[in-house]
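# next come a sequence and a model predicted from it.
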Amino acid sequence: MSSLPDWLTDDRDSAALAAMLDPLSSNTLETLAAEAKALTLRRFGRTMTLYAPLYLSNYCSSGCEYCGFASDRNTPRRRLEEGEIRRELIAMKKLGITDILLLTGERTNAADFDYLHRSVDIAVQEMQRVSVEAFPMSISEYRALADSGCTAITIYQETYNRERYEALHRWGPKKDFIDRLETPARALEGGIKSVGLGVLLGLSDPREDALSLYRHVRHIGRTYWRAGISVSFPRMRPQTGGYEPPFPVDDHSLARMIFAFRIALPDVELVLSTRESAAYRNGMAGLGINRMSIESRTTVGGYHDTEDNEKGQFEVFDDRSVDEFCTAMRAKNIEPVFKNWEPAYNGHAKGNSTILHLENTQQCL
Ligand code: SF4
């Protein structure tokens, strides 16, 4: 078994974060919230950038104990073909969504790199920002995705506790802890501009995982100083397989973690998904969080086939429409933003559309 990299166990600069994460420290939740709010306002303004996930396929070769798409689940498997992907993209655009995250399971013959690459090629024709959350890839594969217009990848370590990781990832390529740990660096080497990191809260000791996640972010930030970095805070949700998280994270602990990360990493995007309730997301908006998903469907083809009873990867908690979500944000004096300058920034603009996009900064109406 390969040894852990030094940066993962070096706790020299994580003492301040450790203190903020400690509920018995002098850092009250109210004090942290006030500081996190001020930093968020200074760095991101009164804005909330929005995105939505698009599940391309639920084929998977791995056996993650906590996932509804693990290869031993009794879930019907399918992937979207080109016409279906276009149909989903159109349905998403009708909702106002132009920033998407394409998802697949671990690499299989049915949903391999070529399939993912073709899907990116299709998505960039319709969307202004395309990110990918899929299997770990080689540098040359990431380079091919970047050349096609993929700007960001999301790859959660799930837990940084190696023993827990080994037990939870029962089989498949995801068992390789070190390979996954090194994936964000490979993506950046390949020309991907931004990486999203995170742990799946509930799998392991959340405080230890938060400190390791912080070290990972700091390591990436020091090594690739031009890289964009985001951090997500996904809590376990009910899923096929019925896995019960042994380390549940309550609302206060999650809030403390988000505030602490905002204070420790003022420039990093902090993301909260529809795994959380509407009330909780309303409460956290502007208090550290500056990016959220909306109208998420976790089934394959869920935007077009809205009546589909298929089970998704996990249950969505906040199922508000885009309009309902935007109304709630505006009530808090936060402007929901569908970012649209990415094509110009990335040099992937096509014809006059760049100018149009820049002139018509699209926001939620
Ligand atoms: S978490 Fe990802 S890799 Fe693991 S079983 Fe689910 S889809 Fe597959």
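Arrived safely, thanks for sending.

# output the below-cut-off pLDDT ranges for the protein.
By pLDDT under 70, the weakly predicted segments of the chain are 306-314, 339-365.

# ok, which stretches of it are strands?
Shown for the chain, the strands assigned by DSSP state E span residues 47-55, 99-103, 129-133, 150-154, 194-198, 228-232, 269-272, 291-293, 335-337.

# do the third one and the ligand meet?
No - legend: contact between strand 129-133 and the ligand by CB under 6 Å from any ligand atom is lacking; minimum distance shown is 8.7 Å. C-betas here are computed from N, CA, C, even on glycine.

# which parts of the chain sit against the ligand?
Going by CB under 6 Å from any ligand atom, the residues of the chain near the ligand are 60, 62, 64, 67, 69, 70, 105, 106, 174.

# pretty sure the third one contacts residue 173?
Read it as residue 64. No - the criterion here is CB atoms under 8 Å, and residue 64 misses it with residue 173 at 11.1 Å.

# thought residue 66 was touching residue 244?
No - look at residue 66 against residue 244 with CB under 8 Å: they stay out of range, at 9.3 Å.

# show me which of the two is the more surrounded one.
Ranked by neighbour count (other CB atoms under 10 Å), residue 66 and residue 244 place residue 66 first, with 20 against 9.

# tell me how far the residue nearest to the more buried one when sequence neighbours are not counted lies from residue 92.
Spatially, and ignoring its direct neighbours in sequence, residue 66 is nearest to residue 243 (4.4 Å; CB to CB, 6 or more residues apart in numbering). Using CB to CB, to the nearest Å, we find residue 243 at a distance of 29 Å from residue 92.

# how close does the closest residue to residue 65 other than its chain neighbours sit to residue 205?
What sits nearest to residue 65 in space, not counting adjacent residues and going by CB to CB, 6+ apart, is residue 168, at 4.9 Å. Separation of residue 168 from residue 205 (CB to CB) stands at 13 Å.

# then residue 66?
In terms of CB to CB, residue 66 sits 16 Å off from residue 205.

# for residue 52, name its beta-bridge partners.
In this entry, residue 52 is beta-bridged to residue 100, by DSSP bridges.

# for stretch 272-281, list the C-alpha coordinates in CSV.
In CSV, the C-alpha atoms belonging to stretch 272-281 read as follows (Å, rounded to 0.1, in the frame of the first residue of the first chain):
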residue,chain,number,x,y,z
LEU,A,272,-24.3,23.7,-1.0
SER,A,273,-26.5,21.4,-3.0
THR,A,274,-30.1,20.3,-3.0
ARG,A,275,-29.2,17.6,-0.6
GLU,A,276,-30.1,20.2,2.0
SER,A,277,-33.6,21.5,2.8
ALA,A,278,-34.9,24.8,1.4
ALA,A,279,-34.9,26.4,4.9
TYR,A,280,-31.3,25.4,5.6
ARG,A,281,-30.1,26.6,2.2
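
# ok, and what's touching that stretch?
Under the contact criterion CB atoms under 8 Å, 6 or more residues apart in numbering, stretch 272-281 has outside partners 232-235, 237, 251, 258, 284, 289, 291-296, 314, 316-320, 325, 328.

# would you mark the buried spots in that stretch?
272, 273, 274, 275, 276, 280, 281 (16 or more other CB atoms under 10 Å).

# again with stretch 220-238
220, 224, 227-237.

# same question for stretch 101-115.
So for stretch 101-115, counting by 16+ other CB under 10 Å, buried means 101, 102, 103, 104, 105, 106, 107, 108, 110, 111, 113, 115.

# now, among those residues, which is nearest to residue 18?
Within the buried residues of stretch 101-115, proximity to residue 18 (CB to CB) peaks at residue 101, which comes in at 30.8 Å.

# contact partners for that closest one?
Contacts for residue 101 were tallied using CB under 8 Å, 6+ apart; they are 51, 52, 53, 54, 131, 132, 133, 154, 293.

# hmm, back to that, residues near the residue nearest to residue 66, how many?
The burial count for residue 243: 18, using other CB under 10 Å.

# tell me the spacing between it and the ligand.
Distance of residue 243 to the ligand, computed by CB to the nearest ligand atom, to the nearest Å: 11 Å.

# hang on, that residue packs against residue 63?
No - using CB under 8 Å, residue 243 is not in contact with residue 63, being 11.8 Å away.

# between the strands of the chain, which gets nearest to residue 2?
That would be strand 194-198 among the strands of the chain, by CB to CB, at 20.0 Å.

# by how many degrees do the closest one and strand 150-154 diverge?
10 degrees (axes from the mean of the first three to the mean of the last three CA atoms, to 10 degrees).

# flag every buried residue along the helix ranked longest in the chain.
Assignment by DSSP state H gives helix 206-223 as the longest helix of the chain. Buried residues in helix 206-223, counted by 16+ other CB under 10 Å: 206-220.

# next one: stretch 46-64
Buried, per 16+ other CB under 10 Å, within stretch 46-64: 47-64.

# what about the residue in the stretch 151-300 of the chain that the ligand sits nearest to, neighbour count?
Residue of the stretch 151-300 of the chain nearest the ligand, by CB to the nearest ligand atom: residue 174 (4.8 Å). Burial of residue 174 is recorded as 25 neighbouring residues (other CB under 10 Å).

# nearest residue to it in space, please, no chain neighbours.
residue 62 (4.2 Å).

# so what's that neighbour up against?
Residues near residue 62 by CB under 8 Å, 6+ apart: 70, 71, 105, 106, 169, 171, 172, 173, 174, 175.

# buried subset of these as a PyMOL selection?
The buried residues among these can be selected in PyMOL (16+ other CB under 10 Å) with this line:
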select buried, resi 70+71+105+106+169+172+174+175
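
# any chance of the contacts of residue 62 in a markdown table, plus distance to residue 305?
Below are these laid out as a markdown table (distance: CB to CB, whole Å):
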| residue | distance to residue 305 |
| --- | --- |
| 70 | 23 |
| 71 | 23 |
| 105 | 19 |
| 106 | 24 |
| 169 | 31 |
| 171 | 31 |
| 172 | 28 |
| 173 | 30 |
| 174 | 28 |
| 175 | 33 |
